[in-house]
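Participant: model this:
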Amino acid sequence: MYDTIIVRYSEIFLKSKYVKKEFENQLIENIQLKLKGFGVGTRRERHRIYLKTKKASSLAAEVARIYGVKSVSPALETYSGIENLSARALETAEEVIGDRDGFAVRAKRSDYGLKSREIEERLGEIIQKKIGCHVNLDNPDKTLYVEVRGDRAYIFHEKIGGVGGLPYKTQGKLVALISEGIDSPVAAWMLMKRGCEVIAVHYGGDTGIREVLNKLEEYTVHGIRLYLIPYAETLKRIKDKSGRNTCIVCKRLMYKIAEEIASRENAKGLVTGENVGQVASQTLHNLMLLDEAVSMPVYRPLIGLDKEEIISKAREIGTYMLIKPRRCRFTPRKPSTKAKIDEIRGIELELELDELVKNVLRECGIN
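Facilitator: This is a model prediction of the structure:
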C-alpha cells in the first residue's frame, strides 16, 4: 500500500543554513548506508526527507533507529488534486479503519487551494459514508494523516518515534572505554546520539564485546573501530603495588592508554560509564583524581543517573542482555574512597607508568 517513508528531524532545522545542509547530507548518507541494497530513492524538502521504496512499511522501523531521526511514517505519495486525493485517502482508510472505529483526519498543507480544516472535513465525510465508521476527534481509535505540499500529497496512518539526536559523525571523534558492564555501552550510545563518532577501547579479551558493538552499530550504521587491550598481567602488577588504591591506579592507567589512542585517532576526548557514588572509584574526590591523569576532556553522560535508570536505557537500546558483568577479581576488599594524590603518584612512579603505557600499546601493535 505504501511507497514512501517520510523522515522527520528536529534539531537540524534549528541550525544555520550551511550547518543544516551539512547535517542533512550526513543524515541522508547514513540512511542510504543503512538501506544499501534496497534500491531506495532519496529526496529532500523543507524539514523532510522522502525515501521512495515499495518496502516502506517494513523498512520504516529500521530508519527510525538512525541517530538524527525524530520520527518516520510509511506513506502513500499521490497527486494532490482533491478528487485524486479523496480517492487515495479512501483506499487507505479502507485498509486501516474498521467500521466500528472512531476516526479523525489530520491535514497539513502548504501552497494549496484548500485550508487544512476543509481537507479534513471533505475526506472525513467521504470516509464516514463509505466505511460506516464514526468521527472521534478527541480520542480516535485510528487517525488518517494527510500532508499536502504543492502538487504532491502524502497519506499515512502512523508516526513511528525515532531516537532523535544529531546525525552520527557530525560532531567529531571520541574514544569510549567499554567494559563488560551495563553502564559503558549506554554512555557510548548517548554520546553517539549527540553526533559523536566513537572509537571503542576494551580492556581484556573479546568475551562478547563485539556483540555489544554490533548492537550499537544498528544506530550508528557505520562500523565502530575496536581496540582490544590485553590487561590481566598489567592489572596483577598494579594490584601487587597498590593495595586499597588498586582501582584508582588501574583506572588512571586505562585513561592514559585511551588518551594515547585518542591522540592517534584525532579524537577530542574520552567517554566512560561512570556516575557519582556507584562504586569506590566514583566518589567525587576519586573522579577528580581520574580526570587529573589525562589532559583531554572525560565525558560522563551517566553522571546523574541511578542504576535503575541506566538498566532501563540498556534494555531500551538492546545492550542489556548482551552484557556479562562480573566482579573484578583484583578489587580490594576495602577500596579507597578518598585516595591521596601523593600516594597515587608514588605508586605510579614505582610502576613506571609511562613505560607501562608504552609496553601495553606495543603489545597491541600500536606504536
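Participant: shouldn't residue 300 be in contact with residue 275?
Facilitator: Yes. Contact criterion CB atoms under 8 Å: residue 300 and residue 275 qualify, at 6.7 Å. From N, CA and C alone the C-beta is placed, and that goes for glycine too.
Participant: in what helix or strand does residue 275 lie?
Facilitator: Assigned by DSSP states H and E, residue 275 belongs to no helix or strand.
Participant: residue contacts, it?
Facilitator: 183, 282, 300, 302-306, 310 (CB atoms under 8 Å, 6 or more residues apart in numbering).
Participant: what about those, which one has the most neighbours?
Facilitator: Neighbour counts for these, by other CB atoms under 10 Å, peak at residue 183, which reaches 25 neighbours.
Participant: surely that one touches residue 279?
Facilitator: No. Residue 183 is beyond contact range of residue 279, at 10.1 Å (criterion: CB under 8 Å).
Participant: got any residues that touch both of the two?
Facilitator: Common neighbours of residue 183 and residue 279, counting by CB under 8 Å, 6+ apart, are absent.
Participant: count the residues that sit near the nearest residue to residue 159 once chain neighbours are set aside.
Facilitator: Closest residue to residue 159 apart from its sequence neighbours, by CB to CB, 6 or more residues apart in numbering: residue 71 at 4.8 Å. Residues near residue 71, counting by other CB under 10 Å, number 18.
Participant: and for residue 107?
Facilitator: Counted with other CB under 10 Å, the neighbours of residue 107 add up to 25.
Participant: skip the chain neighbours and tell me the closest residue to it.
Facilitator: In space, residue 107 is closest to residue 119, 4.0 Å off (CB to CB, 6+ apart).
Participant: ok, the one you found - contacts?
Facilitator: Going by CB under 8 Å, 6+ apart, residue 119 touches 82, 85, 105, 107, 109, 146, 148.
Participant: look at it and give its secondary structure.
Facilitator: Following DSSP: H, G, I helix; E, B strand; the rest coil, we place residue 119 in the helix state.
Participant: please, which helix or strand holds residue 350?
Facilitator: Using DSSP H and E, residue 350 falls within helix 341-351.
Participant: for that helix, buried residues please.
Facilitator: For helix 341-351, a neighbour-count test (16 or more other CB atoms under 10 Å) marks 343-344, 347-348, 351 as buried.
Participant: now the element after it, going C-ward?
Facilitator: Assigned by DSSP H and E, the successor of helix 341-351 is helix 353-363.
Participant: kindly state the domain boundaries assigned to this protein.
Facilitator: Here the domain parsing of the chain from automatic domain parsing is 4-161, 173-363.
Participant: quick one: average confidence on the shortest one?
Facilitator: What domain 4-161 shows for mean pLDDT is 93.
Participant: tell me how many other residues crowd residue 289.
Facilitator: 22.
Participant: no no, residue 126
Facilitator: With other CB under 10 Å as criterion, residue 126 counts 16.
Participant: now residue 98
Facilitator: 12.
Participant: what helices or strands is the longest helix seen in the chain leaning on?
Facilitator: As assigned by DSSP state H, the longest helix anywhere in the chain is helix 246-265. Counting contacts by 3 or more CB pairs under 8 Å, 6 or more residues apart in numbering; DSSP states H and E, helix 246-265 is packed against strand 173-177, strand 197-203, helix 232-242, strand 270-271, helix 284-292, helix 341-351, helix 353-363.
Participant: which of those sits most buried?
Facilitator: When the helices and strands packed on helix 246-265 are scored by mean count of other CB atoms under 10 Å, the highest mean neighbour count falls to strand 270-271 (a mean of 28).
Participant: parallel or antiparallel, which strands does that strand pair with?
Facilitator: If you go by DSSP bridges, strand 270-271 pairs up with strand 173-177 (parallel), strand 298-299 (parallel).
Participant: now what about that strand, what contacts it?
Facilitator: Strand 270-271 is contacted from outside by 174-177, 184, 187-188, 191, 196, 198, 255, 258-259, 262, 294, 296-301, using CB under 8 Å, 6+ apart.
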